[in-house]
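Colleague: sequence and predicted structure, then a few things I'm wondering about:
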Amino acid sequence: MRGVNHKEPMAERVIGIDLGTTNSCVATVEGGVPKVIANKGGYKTTPSMVAITDSGRRLVGHIAKRQAITNASNTVYAAKRLIGRKWSHPTVQQARQVLPYKLVEGDTGDVRIELRGTASSISEISAVVLSEMKKIAEEYFGGPVEKAVITIPAYFNDGQRQATKDAGKIAGLDVIRIINEPTAAALAYGYKKNIKKRVAVFDLGGGTFDISVLDIQDGVFEVLATAGDTYFGGEDFDQRIVEWLVFGFAKEHRLDLRTDAMALQRLRDAAEQAKMQLSVTPSAEINLPFIMSPSPASGKTDALHLQRTLTREKLEDMTADLVERSIEICDRMLKEARIQKEEIEEVVLVGGQTRMPKVQQVVKEYFGIDPVKSVHPDEVVALGAAVQAAALVGAQEEGKQPDLLLLDVTPHQLGIMIAGGYFNTLIPANSTVPTSSMHTFTTVRDAQTAVKIVVLQGDSEVANQNELLGEFLLTGLPSRPRGEIEVDVKFDISPDGIVSVSARDKSTGVQQSIQVTATNRLSEDEMKRILSTNEEFAVAEKNTEMFTKVKNDVERHMRDVDKLMPLVKDFITGSDFGDDALKKVEAVKERAKKAIQRQDVEALKDVQELLDRAVSMLKGVAERIASKK
Ligand code: AMP
């Protein structure tokens, strides 16, 4: 594999992005070594948070997180929990109850987030985070980056995968592959290690849980089985603490903290902090002064404070069922894939929530082995994505097969609806991708001239209990008695796990095919609109950055002028040149002040040069005075 070096201008720059529920991370491969790229603040992960301020500015990452408490209803976190979901999905309705920002239904039955009166799709919000990761990489490389591998939870369905790809496109990325997070972690773990092992990757992040079992051997990473829950993660642990705090406060003061968005945001922050602290200490203090005003009925006037001690034991007690749920999913997956626990030689822990000692203990007890400690749970997924990106691009440039081979599986069953409303599986779960499968169906009515192909993904035998991926009509069939017309239906799943389906009438050869488009996906028109609004934001952001830069420079010049002026004033006053020059300098200073007030970057740029010249002139005079003394 060819390493990518930012000092070599000709090398293709490729990145791997872990688009996390809570935090995101970007990595690349340099000189054959995968490495995480830190953001400007020096942090290796960036909060997956997006906010719109009251002046309409868009903020992302740490800066969005820092203002979340005072701008809770316009700050988005955990958008990944909603990506590719339909409005009617129970998890969306559940999310509406707890999120401080507003969810609304989109025209196609998708979920939108309303910030300061404007509704955005979840792909758009995720794109803002992806753009930020792209920007971090571009600042590091000192030039543009387009090609990226993005990771997703293994258990994401087709709609969630497509929505993530859309987000990449909106962010201006060429998404060369979407790969599953646990698989990426295994890639980073086994990369260049010459190991031959059966490995389980237990990935409990902020919002999703995945378990995958892989065989790693000589650069071949073969996923044997995967399972998970795309609405289960660290956020649920935080929520338990929030509920405990809310309940305790309500009992004491008869007030519901959830009615106040700012208080709720403070509770969430404090809950997460306490949870993280409890991974290292046996107890944690939660202190939230001035959390709410007392109710008028109480007759009290002083603001209320919240102060509680949470012990590790209590936290483990409150979240025991969550930890148990992760083990149940592991158990179900191993049974379905007919893999014995004893066959697993290594367990790799991924995702921030696996830092909780109880999670580590339960995983150790279940698998009967000590989990691997050598990987960094927050960085390993992005590193694996970078390894895959470099392998794909390196191989393409050199015109050969990648020197590592990734064989992943599809997490859900795929099939179509058949007569009676049943679900007919065409591709079983845990089939290696890319894959295809063909089945022949016959007409069920006499003189039936059209068939409707309803494509579904899920585990239920009843069609409408599964996720609808799309539907299409195969028309123009010859009119014959039922059972006589045969239709071949072919499913293809790409290496990204994305589905396309075709149907062919065997007698006439008439064929229809579609790339299954989730019913709640963004239309092409909408995509165009988003891309152009994004450009506006990009220009707006650039302008703000540019304005600050020029303003700082101008202010520095004005300070220099103020320092030099008293030194030279007496010397040059009285001469024509001197009086004129002084007037001009004063006038430029006035123009600069006005330009700053108006935030007019172009006007500031004009005075920037004049001030620069004025400072040089004044410095020259001051030097002359000094040499005369
Ligand atoms: P990830 O999606 O991998 O970035 O994981 C983020 C989740 O890990 C969040 O829910 C965090 O609260 C949680 N987390 C991070 N550090 C710790 C820790 N030390 N103990 C418990 N949970 C943690």
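Modeller: Yep, it's here.
Colleague: got the contact list for residue 423?
Modeller: When contacts are counted by CB atoms under 8 Å, 6 or more residues apart in numbering, residue 423 is found next to 413, 415-417, 456, 458, 460-463, 466. Glycine gets a C-beta too; all of them are placed from N, C-alpha and C.
Colleague: can you list those residues in JSON lines and add pLDDT?
Modeller: What follows is these, written out as JSON lines (pLDDT from 0 to 100):
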{"residue": "413", "pLDDT": "93"}
{"residue": "415", "pLDDT": "91"}
{"residue": "416", "pLDDT": "90"}
{"residue": "417", "pLDDT": "88"}
{"residue": "456", "pLDDT": "90"}
{"residue": "458", "pLDDT": "89"}
{"residue": "460", "pLDDT": "86"}
{"residue": "461", "pLDDT": "87"}
{"residue": "462", "pLDDT": "86"}
{"residue": "463", "pLDDT": "86"}
{"residue": "466", "pLDDT": "88"}
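Colleague: ok, and the most crowded of these?
Modeller: Top of the contacts of residue 423 by neighbour number is residue 456, holding 26 neighbours under the definition other CB atoms under 10 Å.
Colleague: doesn't residue 221 fall inside a helix?
Modeller: No - assessed with DSSP: H, G, I helix; E, B strand; the rest coil, residue 221 is strand; it does not lie in a helix.
Colleague: returning to what we had before: closest to residue 523 out of the contacts of residue 423?
Modeller: residue 456 (21.9 Å; CB to CB).
Colleague: what pLDDT is listed against residue 230?
Modeller: Looking at residue 230, its pLDDT reads 91.
Colleague: residue contacts, it?
Modeller: The contact partners of residue 230, by CB under 8 Å, 6+ apart, come to 81, 153, 155-157, 160, 207-208.
Colleague: hmm, 7 Å instead?
Modeller: Contact criterion CB atoms under 7 Å, 6 or more residues apart in numbering gives 153, 155-156, 160, 208 as the residues in contact with residue 230.
Colleague: the lengthiest helix in the chain - contacts with which helices or strands?
Modeller: Looking across the chain with DSSP state H, the single longest helix is helix 524-572. Other elements packing on helix 524-572 under the criterion 3 or more CB pairs under 7 Å, 6 or more residues apart in numbering; DSSP states H and E are helix 158-170, helix 576-598, helix 601-628.
Colleague: any chance of the ones you listed in JSON lines with mean neighbour count as columns?
Modeller: Written out in JSON lines, the entries for the helices and strands packed on helix 524-572 read as follows (neighbours: other CB atoms under 10 Å):
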{"stretch": "helix 158-170", "mean neighbour count": "24"}
{"stretch": "helix 576-598", "mean neighbour count": "15"}
{"stretch": "helix 601-628", "mean neighbour count": "15"}
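Colleague: confidence-wise, which of those is weakest overall?
Modeller: Of all the helices and strands packed on helix 524-572, mean pLDDT reaches its minimum on helix 601-628 (a mean of 79).
Colleague: helices or strands up against that one?
Modeller: With contacts defined as 3+ CB pairs under 7 Å, 6+ apart, the secondary structure elements packing on helix 601-628 are helix 524-572, helix 576-598.
Colleague: and the residue lying closest to residue 478 once chain neighbours are set aside, which of the three is it?
Modeller: If the residues on either side of it in the chain are set aside, residue 478 comes closest to residue 507, at 6.2 Å by CB to CB, 6 or more residues apart in numbering. Under the three-state scheme (three-state DSSP), the conformation of residue 507 reads as coil.
Colleague: isn't residue 507 right next to residue 488, touching?
Modeller: No - contact between residue 507 and residue 488 fails when scored by CB atoms under 7 Å: they sit 10.9 Å apart.
Colleague: next one: the residue nearest to residue 478, what pLDDT does it get?
Modeller: In this prediction, residue 507 carries a pLDDT score of 84.
Colleague: same deal with residue 257?
Modeller: At residue 257 the predicted local distance difference test score is 93.
Colleague: also the one 3 residues further on?
Modeller: Model confidence at residue 260, given as pLDDT, is 88.
Colleague: ok, so what distance separates it from residue 308?
Modeller: Residue 260 sits 18 Å away from residue 308, going by CB to CB, to the nearest Å.
Colleague: picking up where we left off before, so which of the contacts of residue 230 belong to helices?
Modeller: Filtering the contacts of residue 230 for membership in helices, criterion DSSP H, returns residue 160.
Colleague: can you put the contacts of residue 230 in a markdown table and add distance to the ligand?
Modeller: Converted to a markdown table, these look like this (distance: CB to the nearest ligand atom, whole Å):
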| residue | distance to the ligand |
| --- | --- |
| 153 | 10 |
| 155 | 14 |
| 156 | 14 |
| 160 | 16 |
| 208 | 8 |
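Colleague: and the residue of the stretch 101-250 of the chain nearest the ligand?
Modeller: Sorted by distance to the ligand under CB to the nearest ligand atom, the residues of the stretch 101-250 of the chain start with residue 234, at 2.0 Å.
Colleague: just to revisit the earlier point, redo the helices and strands packed on helix 524-572 as JSON lines? Include distance to residue 104.
Modeller: What follows is the helices and strands packed on helix 524-572, written out as JSON lines (distance: least, CB to CB, whole Å):
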{"stretch": "helix 158-170", "distance to residue 104": "17"}
{"stretch": "helix 576-598", "distance to residue 104": "36"}
{"stretch": "helix 601-628", "distance to residue 104": "35"}
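Colleague: residues of the stretch 351-500 of the chain that sit close to the ligand?
Modeller: 351-353, 355-356, 378 (CB under 6 Å from any ligand atom).
Colleague: now the chain
Modeller: 20-23, 205-206, 234-235, 272, 275-276, 279, 351-353, 355-356, 378.
Colleague: ok, 8 Å please
Modeller: Along the chain, the residues adjacent to the ligand under the rule CB under 8 Å from any ligand atom are 18, 20-23, 25, 45, 203-208, 233-235, 237-238, 272, 275-280, 350-356, 377-378, 381.
Colleague: any idea how far the ligand is from residue 420?
Modeller: 42 Å (CB to the nearest ligand atom, to the nearest Å).
Colleague: number of nearby residues for that residue?
Modeller: Taking other CB under 10 Å as the criterion, the count of residues near residue 420 is 8.
Colleague: please shift the residue numbers so they start at 24 in all later answers.
Modeller: OK, 24 is where the count begins now, so the last one is residue 443.
Colleague: part of a strand, is it?
Modeller: No - using three-state DSSP, the secondary structure at residue 443 is helix, not a strand.
Colleague: so what pLDDT did it get?
Modeller: 81.
Colleague: same check, this time on the one 5 residues further on
Modeller: Reported pLDDT at residue 448 in the predicted model: 91.
Colleague: surely it touches residue 436?
Modeller: Yes - shown here, residue 448 and residue 436 form a contact pair, counting by CB under 7 Å, at 4.8 Å.
Colleague: re earlier: show me the one of the helices and strands packed on helix 547-595 that comes nearest residue 310.
Modeller: Distance to residue 310, taken as CB to CB, is lowest for helix 181-193 among these, at 37.7 Å.
Colleague: and the next helix or strand past that closest one?
Modeller: Past helix 181-193, heading to the C-terminal end, the next element that is a helix or strand (DSSP states H and E) is strand 197-203.
Colleague: what are the buried residues along that following strand?
Modeller: Within strand 197-203, the residues that qualify as buried are 198-203, counting by 16 or more other CB atoms under 10 Å.
Colleague: stretch 464-473 too?
Modeller: The neighbour-count criterion (16+ other CB under 10 Å) identifies 464, 466, 471 as the buried residues of stretch 464-473.
Colleague: so can I have CSV of those residues showing pLDDT, secondary structure and distance to residue 148?
Modeller: Rendered in CSV, the data for these read as follows (pLDDT from 0 to 100; DSSP: H, G, I helix; E, B strand; the rest coil; distance: CB to CB, whole Å):
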residue, pLDDT, secondary structure, distance to residue 148
464, 84, strand, 40
466, 86, coil, 45
471, 88, coil, 45
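Colleague: got the residues you listed as JSON lines, with distance to residue 272 columns?
Modeller: Listed next are the buried residues of stretch 464-473 as JSON lines, based on distance: CB to CB, whole Å:
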{"residue": "464", "distance to residue 272": "59"}
{"residue": "466", "distance to residue 272": "64"}
{"residue": "471", "distance to residue 272": "64"}
